[in-house]
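> Next input, structure requested:
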Amino acid sequence: MRTVVFDLDGTLADTSGDLLAAANACFRDLGLGDVLGPEDAGTALRGGKAMLKLGFARVGGFGEGAVEDAYPKLLLHYGAALDTHTRFYPGALEAVETLKIQGFAVAICTNKPEGLAEALLQRLGARAAFGALVGADTLTVRKPDPAPYFEAVTRVGGQASRSLLVGDSMTDERTARAAGVPSVSVTFSPDAASRSEMSPDAWLSDYSALPEIAARLLP
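Residues are numbered from 1 along each chain as shown. Modelled structure (predicted):
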């Protein structure tokens, strides 16, 4: 079965607002106030530790251990309010349903912890749209190691040789390359810095074009 595997943050949905809010909650706990702003959305989509590193670098005076100490607290803050600002990109779920109608299996492979990814999709009412979900801690490795990608394909009943990855970052592109599968990258993620370094098999600027792209890359 042909399979399309999606990244989550920055690909299917813009989660940056809730991620930034969780990081700022950590900084407020330390009496630092809101250190990050909307202009840091691209960093947010690279993960919690990337946000913490950026914030601590801005205020100075914190050692190497500050990020590791704050990260569990960030996850707690995020888990308590992970769907306040998050929205699916226009047409994303419609494209998923079209792919399924056309006979594709669909899954998610994300570097968000599995429990948080499951909770987010449940709260957004979209978990049933995807046949499988593999998160950062589902296995002992995470993207760009191809093992989580292969796991997602297997869980949804697909074949890696007949699959592709839709993502938004260099991490996703490297995952696809390591797995030996085509990569599709969205152009609407806030992480514009990553796009300047990327060369996917196809760019996706509108989700309505994804079924045609998938059919072309997986004939």
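
> what about Tyr71, how many residues close to it?
17 (other C-beta atoms under 10 Å). For the C-beta atoms, the positions are set from N, CA and C on the backbone; glycine is no exception.

> What residues does it make contact with?
Counting by C-beta atoms under 8 Å, 6 or more residues apart in numbering, Tyr71 makes contact with 48-49, 52.

> Let's see that with 6 Å instead.
48-49 (C-beta atoms under 6 Å, 6 or more residues apart in numbering).

> Could you check the pLDDT of it?
For Tyr71, the pLDDT comes out at 95.

> where are the low-confidence patches of this protein?
Low-confidence segments of the chain (pLDDT under 70): 193.

> List the buried residues for the helix ranked longest in it?
Ranked by residue count under DSSP state H, the longest helix found in the chain is helix 65-80. Buried residues in helix 65-80, defined by neighbour count with 16 or more other C-beta atoms under 10 Å: 66-67, 70-71, 73-75, 77-78.

> Could you do stretch 38-54 as well?
Within stretch 38-54, the residues scored as buried using 16+ other C-beta under 10 Å are 40-48, 50-54.

> for stretch 13-27, same thing?
Quick answer for stretch 13-27 (16+ other C-beta under 10 Å): 13-16, 18-27.

> which of these lies closest to Ala126?
The closest of those to Ala126 turns out to be Ala13 (C-beta to C-beta; 8.8 Å).

> Now do the contacts for the closest one.
Ala13 makes contact with 86, 88 under the criterion C-beta under 6 Å, 6+ apart.

> For it, name its beta-bridge partners.
Counting by DSSP bridges, Ala13 forms beta bridges with Asp9, Phe88.

> and whatever residue is furthest in space from the centre of the chain, helix, strand or coil?
Distance from the C-alpha centroid of the chain, by C-alpha atoms, centre = their mean, peaks at Gly61 (30.9 Å). Look at Gly61: counting by DSSP: H, G, I helix; E, B strand; the rest coil, its state is coil.

> do Val181 as well
Assignment for Val181 (three-state DSSP): coil.
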